[in-house]
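Visitor: sequence plus the predicted model coming up.
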Amino acid sequence: MSLNLQTHTEHFTNPLYLESGRILEPYDITYETYGTLNDDKSNVVVICHALTGSHHCAGLYENENKPGWWDGLIGPNKAIDTNRFFVICTNVIGSCFGSTGPMSTMHPHHEPYRYKFPVVTIKDMIKAQRILFDRLDIHRVHAIVGGSMGGMQALQFAIHYPNFANKIVAMATTYATQPWAIAFNKVASESILKDPDFQQGYYDPEVIKEQGLSGMAVGRMAGHISFLSHESMKTKFGREYKRTDGLYELFGKFQVESYLEYNGYNFTKWFDPLSYLYITKAINIFDLARGFDSLEEAMKKVQAELHLVSFSNDLLFKSSEMRELHEVLNKLENKNHHYMEVASDYGHDAFLVELDKFEDYVKDVLNG
């Protein structure tokens, strides 16, 4: 069977009413589908992406050798089996891969929004997705699966659209972003804002694509530290030094330094800096209890079968945060949820890297 990868963009002219009280109109949502929708539309699995992810979560584009970001998990005979399921992944609003974001053209002008773009929240992102699914005549889905910011979206779906999904799997995420994670995002945003090439938000995106943005690269390096762990860095790099550098050269590099530089600078050529600022803002203000008296009140809304998956050495969203959510659900006597801690030394990025540790679990949840 083939993956049947298809990429689409839908245009919406009705205003999207945002949590902030502002509106977005018109707006576009780019999304990708895999597999085939069955007759009664009961085989839909929604995938939610993380901060720098996109709608391209599986398969290969022509002339490209890097597959979608969760390709190991999604496809024919994989854990999320496209022979059985119709998989949809949308690019969130505020991002830079086709859905409306800060560098999109502001109607009716021909200039990009830049700072005129409204602050969007995780709740706004899933609201826009729901509107897209309504247009596609999909009103209930088999499952929603996401990690990190994708897990935040999955949890928001569970509370705000309680009858939308039968099953929800939220991985490597939290119920509210904690100061540790906000602090890492602060380093990234400050590095971007203070880079003269950022031009206070009035940069030329083509120039950045070509030359990169060093401030953003530095911020991304800090981010990468939070995605890994003490152990994974030790295993991956140890104290190895670059072979071509001398130990006593001031700017000679350890392998870990080369890795951070390479990933940091490379990143700035394919991700938009304003999108980065807007999406990290959405992550920072994420709190499932907002609009409710307490987290308990919020979690009372949950109807779906809910699966919480944490990773033991995740420094960004600690296992204890998912356990707290699990304990709240226990207190509410929610028998329809399950918590699993995956033993991993990899850190936060384990949900993208160590698929073999949870793919069977995901498969069982979807097929169960």
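Guide: Great, that's in hand.
Visitor: check contacts around the residue nearest the centre of the chain.
Guide: Closest to where the C-alpha atoms of the chain average out (CA atoms, centre = their mean) is Ala50, at 0.9 Å. By CB atoms under 8 Å, 6 or more residues apart in numbering, Ala50 lies in contact with Gly146, Gly147, Ser148, Met149, Gly150, Leu352. Using the backbone N, CA and C atoms, a C-beta is placed for each residue, glycine as well.
Visitor: my read is that the fourth one contacts Asn284, right?
Guide: The one in question is Met149. No: using CB atoms under 8 Å, Met149 makes no contact with Asn284, being 11.0 Å away.
Visitor: comparing the two, which residue is more hemmed in?
Guide: Of the pair Met149 and Asn284, Met149 is the one with more neighbours under other CB atoms under 10 Å, namely 26 against 16.
Visitor: which ones are touching the more buried one?
Guide: By CB under 8 Å, 6+ apart, the residues touching Met149 are Cys48, His49, Ala50, Leu51, Gly53, Ile122, Thr173, Ile279, Ala282, Ile283.
Visitor: between those, which is nearest Glu249?
Guide: Using CB to CB, Leu51 comes nearest to Glu249 of those, at 34.8 Å.
Visitor: not counting its neighbours along the chain, what's nearest the closest one?
Guide: When the adjacent residues along the chain are set aside, Leu51 lies closest to Met149, with 5.0 Å between them (CB to CB, 6 or more residues apart in numbering).
Visitor: how about Thr121?
Guide: Glu19 (4.7 Å).
Visitor: quick check, the one you found in contact with Ile122.
Guide: No: applying CB under 8 Å as the test, Glu19 and Ile122 come out as separate, 9.2 Å apart.
Visitor: more neighbours: the two, which one.
Guide: Neighbours were counted for Glu19 and for Ile122 using other CB under 10 Å; Ile122 has more, 28 against 17.
Visitor: mind checking pLDDT for the more buried one?
Guide: pLDDT for Ile122: 98.
Visitor: contacts only, for it.
Guide: Applying CB under 8 Å, 6+ apart, the residues contacting Ile122 are Met149, Met152, Gln153, Gln156, Ala282, Ile283, Phe286.
Visitor: for it, phi and psi?
Guide: phi -60, psi -40 (degrees, to the nearest 10).
Visitor: also Tyr17?
Guide: Backbone torsions for Tyr17, taken as degrees, to the nearest 10, come to phi -80, psi 120.
Visitor: same deal with Tyr31?
Guide: Main-chain dihedrals, Tyr31, degrees, to the nearest 10: phi -150, psi 160.
Visitor: Ser191 contacts Gly219, correct?
Guide: Yes: Ser191 is within contact range of Gly219, at 3.7 Å (criterion: CB under 8 Å).
Visitor: would you turn the contacts of Ile122 into JSON lines with secondary structure, pLDDT and distance to Ala343?
Guide: Listed next are those as JSON lines, based on DSSP: H, G, I helix; E, B strand; the rest coil; pLDDT from 0 to 100; distance: CB to CB, whole Å:
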{"residue": "Met149", "secondary structure": "helix", "pLDDT": "98", "distance to Ala343": "23"}
{"residue": "Met152", "secondary structure": "helix", "pLDDT": "98", "distance to Ala343": "23"}
{"residue": "Gln153", "secondary structure": "helix", "pLDDT": "98", "distance to Ala343": "26"}
{"residue": "Gln156", "secondary structure": "helix", "pLDDT": "98", "distance to Ala343": "28"}
{"residue": "Ala282", "secondary structure": "helix", "pLDDT": "98", "distance to Ala343": "30"}
{"residue": "Ile283", "secondary structure": "helix", "pLDDT": "98", "distance to Ala343": "26"}
{"residue": "Phe286", "secondary structure": "coil", "pLDDT": "98", "distance to Ala343": "26"}
